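Trainee: Test case, fold it:
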Amino acid sequence: MVKIFSLPSFGKPRSSPNQKLHRGQAEPLFSLWVAFTGILLFAGFLLYQKGIWASLLGADPTYLTALIIFLFVCSTAWVGFRVNSLTHECEQFVIFENLLLTNPSAAKDWLSQESQSWAHDFFRGLQSKGAHWRESGQLIDLLGEKAAGPQEMVWWINGALLKLGLLGKVIGFSIMALQLGAMDSFDAGQTSAVLKTLTGGLGIALLTTMTGLAANILLGIQLMRVDRFADYLTAKAIKISEVDLQIIMGRE
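Mentor: Model prediction:
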């Protein structure tokens, strides 16, 4: 490692016919998110055409359904920006890995350039450790925090979507109980009013719960893929520092 980052130039790499220098690209996470969002938008348009949105929002005087939908839309948009950022950072690790294995001198030049990428910060941190470059635990932890830390807030929102749906259920059944408890007597002429009260409260309970569950599942799918990609990015950094750098040192 000291040789790699300290010598003014690198020797020509010795290639082997059985050695595949160029690594495969990471999964196209941003493209997958765009496709998933496109499906959601198409489904939302169909619901609008059928008048489901108007019925759904009109049947909930508590506006919890609207709040759940708003939080889901905002969180999905945030996931899109996050996925784009993680994809860009992963590309930087792939670029450095390919340079390291095919043209180490170019990899050294890449490190000497000014950059705000995580890959640049990580490997410059290794470079600054000199002979102690193997003690990279803190750098790995820092990279893992950068990759996975921001998702914690959105995971909390994902759980809150489900809780808001359950809150709507409690409110709906509470409305039913209060209305029934306020009735002093019951006769055949009150049947219509009683049914209206029951269906109104039951509608709030069921619609908010259904919306909260659907939003929780759909947002959870997105966040799960983001977390797995963040883990992949961290694993890529560990693999380069623990495996690829050893390959280059063996060529010196």
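Trainee: hey, let's count contacts and neighbours off CA atoms from now on
Mentor: Fine.
Trainee: Verify the stated contact: L166 with T211.
Mentor: No. Under the contact definition of Cα atoms under 8 Å, L166 does not touch T211, with a separation of 10.0 Å.
Trainee: how much space is there between I39 and I240?
Mentor: Going from I39 to I240 by Cα to Cα, to the nearest Å gives 36 Å.
Trainee: the more surrounded of the two?
Mentor: I240 (19 against 12; other Cα atoms under 10 Å).
Trainee: nearest spatial neighbour of the more buried one, skipping sequence neighbours?
Mentor: Spatially, and ignoring its direct neighbours in sequence, I240 is nearest to E97 (6.5 Å; Cα to Cα, 6 or more residues apart in numbering).
Trainee: And that neighbour, which helix or strand is it part of?
Mentor: helix 64-102 (DSSP states H and E).
Trainee: in the protein, which spans are helices?
Mentor: Listed in chain order, the helices of the chain (DSSP state H) span 2-6, 29-49, 52-58, 64-102, 104-112, 118-129, 137-148, 151-181, 191-239, 245-251.
Trainee: Low-confidence stretches in the stretch 101-250 of the chain?
Mentor: The stretch 101-250 of the chain contains residues with pLDDT under 70 at 129-137, 179-201, 244-250.
Trainee: How many residues are close by A148?
Mentor: Neighbours of A148 under the rule other Cα under 10 Å: 18.
Trainee: dump the residue contacts of it.
Mentor: 227, 230-231 (Cα atoms under 8 Å, 6 or more residues apart in numbering).
Trainee: phi, psi of D60?
Mentor: Per-residue torsions, D60: phi -120, psi 90 (degrees, to the nearest 10).
Trainee: surely G203 meets L57?
Mentor: No. Using Cα under 8 Å, G203 makes no contact with L57, being 10.9 Å away.
Trainee: Could you check how far L164 is from L233?
Mentor: From L164 to L233 the distance is 33 Å (Cα to Cα).
Trainee: With neighbour numbers in mind, choose between the two.
Mentor: More crowded of L164 and L233, by other Cα under 10 Å: L233, with 25 against 20.
Trainee: check contacts around that one.
Mentor: L233 touches 90, 147, counting by Cα under 8 Å, 6+ apart.
Trainee: what do you get for A107?
Mentor: If you count contacts by Cα under 8 Å, 6+ apart, then A107 has 96, 99-100 around it.
Trainee: ranking those by neighbours, who comes first?
Mentor: L100 (24 neighbours).
Trainee: What separation is there between it and H120?
Mentor: Taking Cα to Cα, one finds L100 at 13 Å from H120.
Trainee: can you check T65 too?
Mentor: For T65 relative to H120 (Cα to Cα), the value is 44 Å.
Trainee: same thing with A215?
Mentor: Relative to H120, A215 is positioned 37 Å away (Cα to Cα).
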